[in-house]
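Novice: I'll drop the sequence and a predicted model, then ask my questions.
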Amino acid sequence: MDGVTVIDHPLVQHKLTLMRKKETSTASFRRLLREISTLLCYEVTRDLDLTTTRIETPMREMDAPILEGKKLVFASILRAGNGLLEGMLDLVPAARVAHIGMYRDHDTLQPVEYYFKAPEDLANRLIIVVDPMLATANSATAAMEKLKERGAKNIRFLCLLAAPEGIQRFRAAHPDIPVFTASIDEGLNEKGYIMPGLGDAGDRMYGTK
């Protein structure tokens with residue numbers, strides 16, 4: 001699909017399979033989510049701009065590569081997005097963090113916003129939005145609109161699983177935002193859940209129903 005990158009690294013796919021299993025415990029699910037998010041972070045940041053800086057090693061001086069520009073922003077769509085966020089911060093601890101509080105109304109499947117907090121100067125930063133699922137895409141689409149209202153121009157969306165219907169809807173609304181995912185599953189059921197999926201990521205991560 002145009003604008004969609006499937007991260008098919010063997011370690012990503014192996015850990016995703018373990019997460020899908022219904023008998024995987026809450027503790028194991030949470031640990032695997034943190035591990036897989038680090039691997040996904042490698043891929044979504046693969047083409048970051050670099051410059052050089054003069055440093056001195058124990059042997060001599062050299063011009064060494066270093067990230068260029070303002071620090072990244074990781075934007076978590078609450079609450080399940082925090083599972084991806086934690087692993088990504090392990091890899092990029094200096095990143096700024098935004099939180100977008102949205103939940104899906106189970107009757108209408110429409111997003112309901114309840115919280116938004118983001119760093120200033122989004123216009124000059126790369127924002128990587130994280131949420132384990134791209135299902136109906138209603139929440140993700142609304143989150144992108146909110147970020148754009150605050151001036152964001154360079155946005156990427158990272159998720160564990162995506163449904164074809166969600167990708168189509170998301171890309172139609174935001175063709176300028178690339179999607180990175182570990183898997184494109186078969187589709188959605190009548191309740192808007194990804195099939196075969198892995199269930200509700202937030203519930204499995206926090207042990208709630």
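Specialist: Received it, and whenever you're ready, just let me know what you need. Being a predicted model, the structure only gives us computed values, none of them experimental. Numbers count the residues shown, from 1 in each chain.
Novice: beta partners for Val4?
Specialist: Residues in a beta bridge with Val4, per DSSP bridges, are Val179.
Novice: equivalent analysis for Leu158, please.
Specialist: Val130, Phe180.
Novice: if I look at it, how far off is Lys22?
Specialist: 24 Å (C-beta to C-beta, to the nearest Å). Quick note: C-beta positions are derived from backbone N, CA and C, even for glycine.
Novice: compare the two (neighbour count), which wins?
Specialist: Legend: neighbour count by other C-beta atoms under 10 Å for Leu158 and Lys22, higher for Leu158 (28 against 7).
Novice: so the more buried one makes contact with Phe180?
Specialist: Yes - Leu158 is in contact with Phe180 according to C-beta atoms under 8 Å; the separation is 4.7 Å.
Novice: what sits in contact with each of those two?
Specialist: Leu40, Val44 (C-beta atoms under 8 Å, 6 or more residues apart in numbering).
Novice: okay, now the unreliable bits of this protein?
Specialist: 104, 106, 109, 209 (pLDDT under 70).
Novice: where is the longest helix in it?
Specialist: In the chain, assigned by DSSP state H, the helix with the most residues is helix 26-44.
Novice: what is that helix packed up against?
Specialist: helix 10-20, helix 81-91, strand 154-162, strand 179-184, helix 201-206 (3 or more C-beta pairs under 8 Å, 6 or more residues apart in numbering; DSSP states H and E).
Novice: what comes up buried for it?
Specialist: 29-41, 43-44 (16 or more other C-beta atoms under 10 Å).
Novice: nearest residue to the middle of this structure?
Specialist: Val130 (2.2 Å; C-alpha atoms, centre = their mean).
Novice: need the contact list for the nearest residue in space to Gly207 that is not next to it in sequence.
Specialist: Spatial nearest neighbour of Gly207, chain neighbours left out: Thr26 (4.2 Å); criterion: C-beta to C-beta, 6 or more residues apart in numbering. By C-beta under 8 Å, 6+ apart, the contact set of Thr26 is Arg204, Met205, Tyr206, Gly207.
Novice: can you tell me which of those are buried?
Specialist: Arg204, Met205, Tyr206.
Novice: could you measure from the second one over to Leu158?
Specialist: From Met205 over to Leu158 the distance is 16 Å, taken as C-beta to C-beta.
Novice: the first one too?
Specialist: Distance, Arg204 to Leu158, by C-beta to C-beta: 18 Å.
Novice: then the last one?
Specialist: From Tyr206 over to Leu158 the distance is 20 Å, taken as C-beta to C-beta.
Novice: ok, Glu120 next?
Specialist: For Glu120 relative to Leu158 (C-beta to C-beta), the value is 23 Å.
Novice: for Pro93, same thing?
Specialist: Pro93 is 18 Å from Leu158, by C-beta to C-beta.
Novice: so what does Ala80 have for phi and psi?
Specialist: The phi/psi pair for Ala80 (degrees, to the nearest 10) reads phi -70, psi -30.
Novice: which residue is the nearest non-sequential neighbour of it?
Specialist: Nearest one to Ala80, counting by C-beta to C-beta, 6+ apart, is Gly202 at 3.9 Å.
Novice: same question for Ala143.
Specialist: Nearest to Ala143 is Ile100, by C-beta to C-beta, 6+ apart, at 4.7 Å.
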